[in-house]
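Engineer: Sequence plus the predicted model coming up.
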Amino acid sequence: MSDMWTGGKVRLRGVEPEDWEGFRDLAGDTLDARNADLVEPPRSAESFRSWTAERAGRPPGGDAFRLVVEALADGAFAGSVTVGETDGRAGRFRTGIEISRDHRRRGYAAEATELVLTYMFAEQRYNKCEVEVYAFNDGSLALYRRLGFVEEGRLREHEFFAGGHHDVVLLGITAAEYWATHGRPPVR
């Protein structure tokens, strides 16, 4: 790893205006119910351009942010990772990951999540990360469990989309649990 934002497969970087097509493609993946957060009517290309340009103009960091997951192999837009719902007093935050259909099953989601966890635990001094995953999303549940997240609860029939209510699984990992299986970043 050459820096805190680069792994062996991906680099996390800020949103750029030209990323609008990647975000449009991610939104189109909501037809895959495993990744749906909200099914919306179709949006115009201009809507995606302005949405992405606004995010590109935001200052880095803060309590909530979104980064692009870029494949190192070819520099392609592979998805995005978010941090939000931070609680500095309690020391917890939430994260989420979206990987485009063409870039799935390559380890990008795991590595991008590890980069975010390392930053939030090592640099921002948070103590716990939480995620919410639809109970039927076996791939995401397996990903987070592989990373060391522990199931903490289930919200029954909590979200509605695609004509029905769906359970949401709550998972969490503490900084101590993460550092027990991942090396801390080196001091240079």
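Structural biologist: Yep, it's here. This one's a predicted model, so the numbers in the text were calculated from it and none came from an experiment.
Engineer: give me every residue that touches the residue lying closest to residue 45 once chain neighbours are set aside.
Structural biologist: Nearest non-adjacent residue to residue 45, counting by Cβ to Cβ, 6 or more residues apart in numbering: residue 24, 7.0 Å away. C-betas here are computed from N, CA, C, even on glycine. By Cβ atoms under 8 Å, 6 or more residues apart in numbering, residue 24 lies in contact with 43, 45, 48.
Engineer: List phi and psi for residue 24.
Structural biologist: The phi/psi pair for residue 24 (degrees, to the nearest 10) reads phi -60, psi -40.
Engineer: please renumber so the chain begins at 50
Structural biologist: Yep, numbering from 50; the last one is residue 73 now.
Engineer: How confident is the prediction for it, by pLDDT?
Structural biologist: pLDDT recorded at residue 73 is 92.
Engineer: now the contacts of residue 73 in CSV, with distance to residue 236?
Structural biologist: Formatted as CSV, the contacts of residue 73 follow (distance: Cβ to Cβ, whole Å):
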residue, distance to residue 236
92, 45
94, 46
97, 41
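Engineer: So which of those sits lowest on pLDDT?
Structural biologist: Lowest pLDDT among the contacts of residue 73: residue 92, 84.
Engineer: ok, for that residue, nearest residue in space, not its chain neighbours?
Structural biologist: Per Cβ to Cβ, 6+ apart, closest to residue 92 is residue 76, 6.9 Å.
Engineer: For the one you found, give its distance to residue 182.
Structural biologist: Residue 76 sits at a distance of 19 Å from residue 182 (criterion: Cβ to Cβ, to the nearest Å).
Engineer: what's the answer for residue 111, then?
Structural biologist: Where residue 182 is concerned, residue 111 sits at a distance of 25 Å (Cβ to Cβ).
Engineer: Same drill for these two, tell me which one is more crowded.
Structural biologist: For residue 111 and residue 182, the more surrounded residue by other Cβ atoms under 10 Å is residue 182, and the numbers stand at 23 against 10.
Engineer: For my notes, confirm the more buried one occurs in a strand.
Structural biologist: Yes: assessed with DSSP: H, G, I helix; E, B strand; the rest coil, residue 182 lies in a strand.
Engineer: Next, count neighbours for the residue nearest to residue 92.
Structural biologist: Neighbours of residue 76 (other Cβ under 10 Å): 19.
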